[in-house]
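# for reference, the sequence and a predicted model appear below.
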Amino acid sequence: MLKKLAAALGVALLAGTAAQAGDISGAGATFPAPVYAKWAETYKAQTGVGLNYQAIGSGGGIKQIKAKTVAFGASDKPLKPEELDGAGLMQFPTVMGGVVPVVNLPGVNPGQLHLTGSVLADIYMGAITKWNDPRIAGSNKGVKLPNLPITVVHRSDGSGTSFLFTSYLAMKSPAWQSKVGASDSVQWPVGLGGKGNDGVSAFVKQTIGSIGYVEYAYAKQNKATYVLVQNKAGQFPAPTAANFAAAAAGADWAKAPGNYLLLLDEPGAKSWPITGATFILVYKKQDNAAQGADVLKFFDWAYKNGDAAAGALDYVPMPASVKTMMRKQWVSMVKGADGKSVYVSK
């Protein structure tokens with residue numbers, strides 16, 4: 001399945017190939033790569049315009065847009081307003097999704113293993129080293145836990161998925177907050193590093209006793225054994241689009257300066273605790289107005305036509321009101337050298 005996904009990304013996003021004239025160039029987050037691939041495939045069939053998107057991780061996407069080597073960057077780690085202003089960028093969300101722990105444990109089925117946030121943090125700290133540890137067993141009555149050492153797998157690249165995951169661990173564990181912290185790239189106390197969601201998935205798949213974290217679309221496509229994580233209400237909800245939407249239900253984008261908003265450990269019995277939006281970064285002043293217009297045309301098309309594809313991959317589309325707000329921001333904020341908006345509302 002990983003090979004199929006890689007092939008789909010390579011064909012639909014033209015990754016690793018020379019871009020054709022008129023194609024849109026972008027780079028960054030692996031979290032939304034499956035839905036961007038699907039959107040790109042349909043968009044090219046309808047318009048003839050391709051998307052040359054490199055799924056290299058959020059850190060790489062931020063670096064490339066700041067270096068102006070791509071028309072847009074993509075990041076699951078939203079930039080704070082002061083960083084956006086300093087770089088001359090604006091950001092807007094495309095879809096929301098969930099980060100899930102995945103394991104390779106003989107005899108354990110998807111959704112059968114339950115972990116609290118504090119236990120998950122201690123596993124990633126190296127403080128819990130065996131799967132039959134009493135702290136894991138405490139929330140898994142009736143589950144036969146093997147006497148196996150735990151192999152921790154994390155991202156090796158700068159990653160918005162890591163930002164969401166480590167931010168959640170920092171919320172649930174004072175020790176994690178003080179010793180490791182929350183960022184797209186941290187000094188991991190223990191474990192193996194895999195590049196991208198696909199790299200982490202591959203490591204977990206081939207390593208018995210391992211645990212990693214990936215965007216849910218990767219877990220679903222690879223039929224991975226995902227873990228249920230306790231939410232703020234004390235429940236263990238399933239990682240589904242409906243439960244990612246439950247976590248986002250209280251999101252007030254209108255009161256989020258620079259569209260900086262996290263959706264971690266939100267209230268509600270069904271809320272998935274590690275939920276987040278993914279973002280596109282573009283320059284407010286476009287050196288190439290036509291290129292900037294092409295980027296916004298693509299994401300405007302995705303806002304209008306991409307919800308079904310997003311839902312099929314267990315992403316949550318942005319609410320209509322948020323899409324309207326983003327289009328207004330495009331008009332007022334993204335301009336060419338002549339001072340005119342590069343996006344024309346239709």
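Done, it's in.
# now do the same for Arg66: its pLDDT.
Actually, residue 66 is Lys rather than Arg. Looking at Lys66, its pLDDT reads 97.
# mind pulling up the pLDDT for the spatially closest residue to it that is not a sequence neighbour?
Counting by CB to CB, 6 or more residues apart in numbering, Ala87 is the residue found nearest to Lys66 once chain neighbours are left out, at 5.7 Å. C-betas here are computed from N, CA, C, even on glycine. Note for Ala87: predicted pLDDT of 98.
# what about Ala87, how many neighbours?
By other CB atoms under 10 Å, the residues close to Ala87 number 16.
# just Pro149 next, same as before
11.
# who touches the residue nearest to Pro93 when sequence neighbours are not counted in this structure?
Spatial nearest neighbour of Pro93, excluding adjacent residues (CB to CB, 6+ apart): Ala277 at 4.0 Å. The neighbourhood of Ala277, defined by CB atoms under 8 Å, 6 or more residues apart in numbering, consists of Asp76, Pro78, Pro93, Thr94, Val95, Met96, Ala248, Leu261, Leu263, Met318.
# bridged to Ala277, which residues?
Here Ala277 sits in beta bridges with Met96, going by DSSP bridges.
# can you read off the pLDDT for it?
96.
# also Gly16?
37.
# do you know how far Ile274 is from Val295?
Distance of Ile274 to Val295, given as CB to CB, to the nearest Å: 29 Å.
# the more surrounded of the two?
Between Ile274 and Val295, Ile274 has the larger neighbour count (other CB under 10 Å), namely 28 against 24.
# mean confidence for whichever strand or helix holds Asn52?
In this structure, Asn52 is located in strand 51-55 according to DSSP states H and E. Strand 51-55 shows a mean pLDDT of 96 in the predicted model.
# Ala170 and Ala182 touch, don't they?
Yes: the criterion here is CB atoms under 8 Å, and Ala170 meets it with Ala182 at 4.3 Å.
# would you mark the buried spots in stretch 325-332?
Within stretch 325-332, the residues that qualify as buried are Met326, Arg327, Gln329, Trp330, counting by 16 or more other CB atoms under 10 Å.
# got the contact list for the residue lying closest to the last one once chain neighbours are set aside?
In this structure, Trp330 finds its nearest non-sequential neighbour in Tyr343, 4.1 Å apart by CB to CB, 6+ apart. By CB under 8 Å, 6+ apart, the contact list for Tyr343 reads Gly292, Ala293, Leu296, Lys297, Asp300, Arg327, Trp330, Val331, Val334.
# separation between Tyr343 and Leu281?
15 Å.
# same thing with Val227?
From Val227 to Leu281 the distance is 31 Å (CB to CB).
# kind regards, and thank you for your time.
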